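Novice: How does the following fold in three dimensions:
(chains A and B)
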Amino acid sequence: MRSLFLALSGMFICCTSLAQNDDNFLQVNTNTTLSFIMDEPSDIETTQTLQNAISVQVRSKKDDCSISAKLTSFSYPTSYVPSSSMIALDWVSDNSNKDYNLNTGPISLTTMDQTIFSQKKHPHTFTYNYNLLFYPSGYNMVPGNYNFTILFTMTQL
Amino acid sequence: MRFLFTILLFFVAVSAKAQNSFSASVSGSATVYAIQSLTITGGSLIPNFTSLDHYLNGVTAEDYLSIGVKSNKSWTLSINAQNAFFSPMSSGGSTNMPCSVLSIKTSMMGNFLSVSTTAQTLKTGNKGNLTTPGNSFDVDIKYNPGFSYKGGIYTLGLVYTLSQQ
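Specialist: Below you'll find the model as predicted:
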């Protein structure tokens, strides 16, 4: 029994430290305020882009990993009826030579996880840069505030 | 017994490994203001008074203007004259021809509105772009000065104001 306790205790400490030690690292940086201001016709008639708005830094030392993104919240004025995804990530650049399955096209975010890239195990931290896109729905855009949260998840494979 | 513990430990460890994921999030916003756009095309035609009937009944220019409205709120389009009187472009022209000799209506509307310096509603509509029913329309205009004014070319500024309801 004592050996079981010691073994389980040791494993628990080991697992929880995975998120804390040098083996795994996920950090999302905003390079600009993630704020779209729409006060002219062209603002709601065409896709709005915040250039190089988000950087995702990833390190996975011992296992391959995949990075996914989804919307965890999206609020809008009460009279607005959303018809489709309005937020998208568009890959710009990265300094990784260990990536694969990199989705370079605009990825419309939904409430479901979508893989944006995978990365082979490697001790270095790599950075992936993304434009943030907002797809307005034209003159159906009700005046008011539209707020969103994007969740990035690194899953080790 | 130790063997059993080892198996148990193995399953727990495998399970923990499969759950190994980390997350980070960012938040943002979009602020949308009331946005409206008004386009006016046409209006370059100068009506001619060439017959007695023109002076008796006036001259109507149908589809004188084409107007397009884009708005993300319900809208109102109003019109008013810039000045109370027409301005003669030629010497000796009358300076007392009131703006009310000019009247206007949308091509779908029945009656002409006499123009004044006070804004009057020409049309209302719903939010949408140019393809939204009622957001693209033509305007007819009518001049009926009668016989009281001297011949010549006259001008009058018209102000079209688009506002949200």
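Novice: and the closest residue to B:Ala81 other than its chain neighbours, how many neighbours does it have?
Specialist: Of all residues not flanking B:Ala81 in the chain, B:Cys99 sits nearest, at 3.7 Å (C-beta to C-beta, 6 or more residues apart in numbering or on different chains). Where you see a C-beta, it was placed from the backbone N, CA and C, and this is true even at glycine. Neighbourhood size, B:Cys99 [other C-beta atoms under 10 Å in any protein chain shown]: 20.
Novice: Next: A:Ser42.
Specialist: 11.
Novice: mind checking the SS state of it?
Specialist: helix (DSSP: H, G, I helix; E, B strand; the rest coil).
Novice: go on, A:Met154?
Specialist: strand.
Novice: wait, isn't it in contact with A:Asp64?
Specialist: No - the criterion here is C-beta atoms under 8 Å, and A:Met154 misses it with A:Asp64 at 10.8 Å.
Novice: ok, which stretches of chain B are helices?
Specialist: B:2-18, B:52-57 (DSSP state H).
Novice: Least confident of those, on average?
Specialist: Among these, helix B:2-18 carries the lowest mean pLDDT, a mean of 41.
Novice: Okay, now the unreliable bits of chain A?
Specialist: Applying pLDDT under 70 to chain A flags residues A:1-22.
Novice: Can you tell me the centre-most residue of it?
Specialist: A:Phe152 (3.5 Å; C-alpha atoms, centre = their mean).
Novice: Contact partners for that one?
Specialist: A:Leu26, A:Val28, A:Val56, A:Ile67, A:Ser68, A:Ala69, B:Ser23, B:Ala24, B:Ser25, B:Val26 (C-beta atoms under 8 Å, 6 or more residues apart in numbering or on different chains).
Novice: Among those, which are located in strands?
Specialist: Among the contacts of A:Phe152, the members found in strands (DSSP state E) are A:Leu26, A:Val28, A:Val56, A:Ile67, A:Ser68, A:Ala69, B:Ser23, B:Ala24, B:Ser25, B:Val26.
Novice: Among the residues you listed, name the buried ones.
Specialist: A:Leu26, A:Val28, A:Val56, A:Ile67, A:Ser68, A:Ala69, B:Val26 (16 or more other C-beta atoms under 10 Å in any protein chain shown).
Novice: how near is the last one to chain A?
Specialist: Just to be clear, that refers to B:Val26. Look at B:Val26 and chain A: by C-beta to the nearest C-beta, to the nearest Å, they are 5 Å apart.
Novice: Read off the pLDDT value for that residue.
Specialist: As predicted, B:Val26 sits at a pLDDT of 96.
Novice: ok, it - contacts?
Specialist: A:Val28, A:Thr30, A:Leu34, A:Ile54, A:Thr149, A:Ile150, A:Phe152.
Novice: Can you go through these and name the buried ones?
Specialist: A:Val28, A:Leu34, A:Ile54, A:Thr149, A:Ile150, A:Phe152.
Novice: Pick the one among the residues you listed closest to A:Gln48.
Specialist: A:Leu34 (11.4 Å; C-beta to C-beta).
Novice: Find the nearest non-adjacent residue to that closest one, please.
Specialist: Setting aside the residues directly before and after it, A:Leu34 is nearest to B:Gly28 in space (C-beta to C-beta, 6+ apart), at 2.7 Å.
Novice: before we move on, what about A:Tyr80?
Specialist: That would be A:Val142: by C-beta to C-beta, 6+ apart, it lies 4.2 Å from A:Tyr80.
Novice: Same check on A:Phe117?
Specialist: A:Leu102 (4.3 Å).
Novice: list the contacts for the one you found?
Specialist: A:Leu102 is in contact with A:Trp91, A:Asp94, A:Ile116, A:Phe117, A:Ser118, counting by C-beta under 8 Å, 6+ apart.
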